[in-house]
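K.L.:
using only what follows, build the 3D model:
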Amino acid sequence: MRDLDRALTDISVIREQLARGTEFRGYAPATLAAAGGLALIIAAAQAIWLRGTATHTRVFIALWVITAALCVIVIAVETVRRSRLAHGGLATPMLQSALEQFLPAIIAGGLLTIVLLRVAPQDLWLLPGLWHIIFSLGVFASCRLMPRAIFLVGVWYLACGLACLILAAPDRSNSPWAMGIPYGVGHLMVAGILYHRRRGELSR
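P.N.:
Numbers count the residues shown, from 1 in each chain. Next up is the predicted model:
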């Protein structure tokens, strides 16, 4: 019985090692592109019909939190489905490994938002830039499970975060495009990288 338990433990360890060393194929380029398109549409709608939210920071933050939550739910559902198709029996450890890389950034961004809302609402203008910077850390952490070009996406988000902080500082307000362009272009970049990577693999 001990031999059986040991064998099962060894198999579990091997599966985890394979999951950590295998490129994750659960992200769907079409879904990521749709999320990027949605971010750009929301930014355009906010710029046209909700111009006052640039100075009403709580409304600005609430709108983008809702948008991000919707995108996360849609991407997560599609990622689980694709992972089962792409990785078969390794789907669960692969999903766990991918989640371990990105979840800390999501949690940190959420907690930072709550803290600023409660103790420093006057500094909420910092959030878009800080969100981008934290998101970049999640992208960098995920690079080992993704194509190497994803590193450039992390650089994009980091640069956008710093730029947003610099541009928002004079009047402490944010344009809708401070959210729409970074996330829209960033998601489209990831979608393009994954699409061309998989298309290249199919043509071999």
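K.L.:
and whatever helix or strand Leu63 lives in, how far out from the chain's middle?
P.N.:
For Leu63, the element it lies in under DSSP states H and E is helix 57-87. Centroid separation for helix 57-87 versus its chain: 8 Å, with Cα atoms, centre = their mean, to the nearest Å.
K.L.:
buried ones in it?
P.N.:
Buried residues in helix 57-87, counting neighbours by 16 or more other Cβ atoms under 10 Å, are found at 57, 60-61, 63-64, 67-68, 71, 74-75, 78-79, 82-84, 86-87. All C-beta atoms are positioned from the backbone trio N, CA, C, and that covers glycine.
K.L.:
for stretch 150-158, same thing?
P.N.:
Neighbour counts over stretch 150-158 (16+ other Cβ under 10 Å) mark Ile150, Val153, Gly154, Trp156, Tyr157, Leu158 as buried.
K.L.:
number of residues surrounding the residue lying closest to Thr113 once chain neighbours are set aside?
P.N.:
Spatial nearest neighbour of Thr113, chain neighbours left out: Leu127 (6.2 Å); criterion: Cβ to Cβ, 6 or more residues apart in numbering. Residues near Leu127, counting by other Cβ atoms under 10 Å, number 25.
K.L.:
contacts for the helix or strand harbouring Leu127, please.
P.N.:
Element membership for Leu127, per DSSP H and E: helix 127-142. For helix 127-142, the external contacting residues (Cβ atoms under 8 Å, 6 or more residues apart in numbering) are 24, 57, 61, 64, 98, 101-102, 104-106, 108-109, 112-113, 116, 150-151, 153-158, 160-165, 168, 174, 178-179, 182, 186.
K.L.:
can I get that helix as PDB, trimmed to CA atoms?
P.N.:
Output of helix 127-142 as PDB, limited to C-alpha atoms (Å, rounded to 0.1, in the frame of the first residue of the first chain):
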ATOM      1  CA  LEU A 127      -5.300  53.900  -9.600                       C
ATOM      2  CA  PRO A 128      -5.200  53.600 -13.400                       C
ATOM      3  CA  GLY A 129      -1.500  54.000 -13.500                       C
ATOM      4  CA  LEU A 130      -1.000  51.700 -10.500                       C
ATOM      5  CA  TRP A 131      -3.300  49.100 -12.100                       C
ATOM      6  CA  HIS A 132      -1.200  49.000 -15.300                       C
ATOM      7  CA  ILE A 133       2.000  48.600 -13.300                       C
ATOM      8  CA  ILE A 134       0.600  45.800 -11.200                       C
ATOM      9  CA  PHE A 135      -0.900  44.100 -14.300                       C
ATOM     10  CA  SER A 136       2.600  44.300 -15.900                       C
ATOM     11  CA  LEU A 137       4.000  42.300 -13.000                       C
ATOM     12  CA  GLY A 138       1.400  39.600 -13.600                       C
ATOM     13  CA  VAL A 139       2.300  39.500 -17.300                       C
ATOM     14  CA  PHE A 140       6.000  39.300 -16.500                       C
ATOM     15  CA  ALA A 141       5.300  36.400 -14.000                       C
ATOM     16  CA  SER A 142       3.400  34.600 -16.700                       C
END
